[in-house]
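K.L.:
Give the three-dimensional model of this entry:
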Amino acid sequence: MLIGIVTLTYLFGLIAIVFAAPIAVVVYAAINLVYMHDALGERTALTRKLG
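P.N.:
Numbering: from 1, shown residues only. Now for the predicted structure:
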């Protein structure tokens with residue numbers, strides 16, 4: 001998560017520090033939902049829509 005905060009700060013400046021942590025959490029949760037459930041063979045509402 002720290003890498004996400006640093007990356008967003010570098011790309012968008014100092015104001016991104018306020019938004020970097022919530023954005024990093026959302027991205028992490030989305031990746032966790034799609035990738036981990038797909039790796040385990042579980043279908044979720046989101047993966048059903050994607051594939």
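
K.L.:
Tell me the confidence at Thr47?
P.N.:
You'll see Thr47 listed with a pLDDT of 61.

K.L.:
ugh, wrong one, I meant Ile5
P.N.:
Turning to Ile5, the model gives it a pLDDT of 73.

K.L.:
which regions of this protein lie under the pLDDT threshold?
P.N.:
Along the chain, segments meeting pLDDT under 70 span 1, 37-39, 43-51.

K.L.:
which non-adjacent residue is nearest the spatially most central residue of it?
P.N.:
With distances taken as CA atoms, centre = their mean, the residue of the chain nearest its centroid is Val27 (0.9 Å). Counting by CB to CB, 6 or more residues apart in numbering, Val27 lies nearest to Gly4, which is 6.6 Å off, once chain neighbours are set aside. Any C-beta I mention is one placed from the backbone N, CA and C, and that applies to glycine too.

K.L.:
thought the one you found was touching Pro22?
P.N.:
No: distance between Gly4 and Pro22: 10.4 Å, which falls outside the contact criterion (CB atoms under 8 Å).

K.L.:
of the two, who's got more company?
P.N.:
Neighbour count, other CB atoms under 10 Å: between Gly4 and Pro22, Gly4 has more, with 16 against 9.

K.L.:
residues contacting that one?
P.N.:
Ala20, Ile23, Ala24, Val27, Tyr28 (CB atoms under 8 Å, 6 or more residues apart in numbering).

K.L.:
Considering those, which possesses the most neighbours?
P.N.:
Of all the contacts of Gly4, the highest neighbour tally under other CB under 10 Å goes to Ala20, namely 21 neighbours.
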